[in-house]
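> Here you go, sequence then predicted model.
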Amino acid sequence: MKKTGILNQPISTVIAGLGHTDTLVIADAGLPIPDSTTRIDLALIEGIPSFEDTLRAILGEMQVERAIIAEEMSSASPDLHERLRALLGDVPVETVPHEEFKERTRTAKAVIRTGEFTPYANVILVAGVVF
């Protein structure tokens, strides 16, 4: 049995398999997930697990080079936008229109679906390297 870190086997497997510039999406409960993209569904009930808790866990194990969010997040969910920026720290953040964001999920290694109901609570994490 794994002792620390992310205990969810599919998430651990995806993170361990990421290479430089591969992407991983953390999504709210409503983001459409392409049939061709691996879905890791954590949604239990509204708010559980939260987008922020899930992001915090992922950031503890994944080397992130940059992040991509929908430009609509800053106006539709400004408090979440501020907290996301704080969690990401010095990680550069690119903003794109939501429709483009959805298109970019097609090439992600996986989409982790949370129970989050906050509008535009989605982020694409771009894998960096640790050396």
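That came in fine, so what should we check first? Here the structure is a predicted model, which means the values were calculated and not measured. Residues are numbered from 1 along each chain as shown.

> Same question for the longest strand along the chain: list its buried residues.
Using DSSP state E, we find that the single longest strand of the chain is strand 64-70. Residues 64, 66-70 are the ones in strand 64-70 that count as buried (16 or more other CB atoms under 10 Å). From N, CA and C alone the C-beta is placed, and that goes for glycine too.

> mind listing the strands for the chain?
For the chain, the strands defined by DSSP E cover 23-27, 38-41, 64-70, 93-96, 110-113, 123-127.

> what's the single longest helix in this protein?
The longest helix of the chain (DSSP state H) is helix 78-88.

> what angle do that one and strand 123-127 make?
Here helix 78-88 points in a direction 10 degrees away from that of strand 123-127 (axes from the mean of the first three to the mean of the last three CA atoms, to 10 degrees).

> ok, back up a step: of the buried residues of strand 64-70, closest to V25?
Closest approach to V25 among those (CB to CB): I68, at 9.1 Å.

> Leaving out sequence neighbours, find the closest residue to the closest one.
Nearest residue to I68, sequence neighbours excluded (CB to CB, 6 or more residues apart in numbering): I124, at 4.0 Å.

> How many residues are close by that neighbour?
For I124, the count of nearby residues is 22 (other CB atoms under 10 Å).

> Over to E72?
Other residues lying near E72 total 17 when counted by other CB under 10 Å.

> G115 reaches S50, doesn't it?
Yes - the pair G115 / S50 is scored as a contact, 7.0 Å apart, by CB atoms under 8 Å.

> Leaving aside the residues adjacent along the chain, what's closest to S12?
Nearest residue to S12, sequence neighbours excluded (CB to CB, 6+ apart): I6, at 5.2 Å.

> shouldn't the one you found be in contact with E61?
Yes - counting by CB under 8 Å, I6 touches E61, with 5.7 Å between them.

> Find residues that contact each of the two.
Taking CB atoms under 8 Å, 6 or more residues apart in numbering as the contact rule, the neighbours common to I6 and E61 are 12, 15.
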